[in-house]
Structure formats: C-alpha cells, structure tokens
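Undergrad: Provide a 3D model corresponding to the input given below.
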Amino acid sequence: MDKLEGYSYALDIGYLNLLSTYIKQVFPNIDLKPEPHINSRITVWKRNYHSLFEILKNTGVGLDSTTKMIEATDEQ
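TA: Numbering: from 1, shown residues only. Sure, this is the predicted structure:
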C-alpha cells in the first residue's frame with residue numbers, strides 16, 4: 001500500500017487501476033473490482049460528506065470532537 005500513500009489524485013482511473021492490482025495481489029481469491037464496488041463507496045462517501053459540509057456551514061452548528069456528534073444551539 002506504500003505506492004498509494006501521498007497519491008494526490010485519489011479518485012481518478014489510474015488510482016482505481018492501481019488499487020485493483022493491489023487488491024488482486026493481496027487477496028487473490030476475492031472478486032472485488034473498482035467498478036462498481038469501490039466507485040459506489042466513493043459516491044456514497046462524497047454524498048455524505050457534502051451533506052455534512054452543508055449542515056456544518058450553518059450558524060450555530062458544530063462538531064463536538066469528544067463525542068464525535070453534531071451539536072446545534074436552539075435559537076427558537
């Protein structure tokens with residue numbers, strides 16, 4: 001996995017090909033492919049990240065680093 005560290009364009013096709021090769025070397029009997037398995041995980045992550053980003057950019061909303069929960073002040 002050393003080849004993947006510091007890789008700056010993590011979502012392009014070259015990364016997925018490199019990841020596929022690595023998976024085949026480490027887990028030869030697993031049928032895990034970048035498309036659709038890894039791409040679908042990336043899509044879900046991006047959607048969730050965007051939702052969280054939209055929530056956290058509102059005033060009075062923050063992230064508690066101790067409990068790892070979203071906190072909001074009640075302004076009603």
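
Undergrad: Kindly list the longest helix within this structure.
TA: helix 39-56 (DSSP state H).

Undergrad: same for that one, what does it pack against?
TA: strand 61-64, strand 69-72 (3 or more Cβ pairs under 8 Å, 6 or more residues apart in numbering; DSSP states H and E). (Each C-beta comes from the backbone N, C-alpha and C, glycine too.)

Undergrad: try 6 Å
TA: Applying 3 or more Cβ pairs under 6 Å, 6 or more residues apart in numbering; DSSP states H and E, one finds that helix 39-56 makes contact with no other helix or strand.

Undergrad: which parts of stretch 34-46 are buried?
TA: Of the residues in stretch 34-46, those scored as buried under the neighbour-count criterion (16 or more other Cβ atoms under 10 Å) are Pro34, Ile38.

Undergrad: How far off centre is it?
TA: Stretch 34-46 sits 9 Å away from the centroid of its parent chain (Cα atoms, centre = their mean, to the nearest Å).

Undergrad: Let me know the pLDDT of the residue most central in space within the chain.
TA: The central residue of the chain, meaning the one whose C-alpha is nearest the mean C-alpha position (Cα atoms, centre = their mean), is Trp45 at 4.4 Å. Looking at Trp45, its pLDDT stands at 84.

Undergrad: Endpoints of stretch 50-62, how far apart?
TA: This stretch, stretch 50-62, spans 15 Å end to end (Cα to Cα, to the nearest Å).

Undergrad: what's next to the longest helix of the chain, contact-wise?
TA: The contact list for helix 39-56, computed with Cβ atoms under 6 Å, 6 or more residues apart in numbering, reads Val61.
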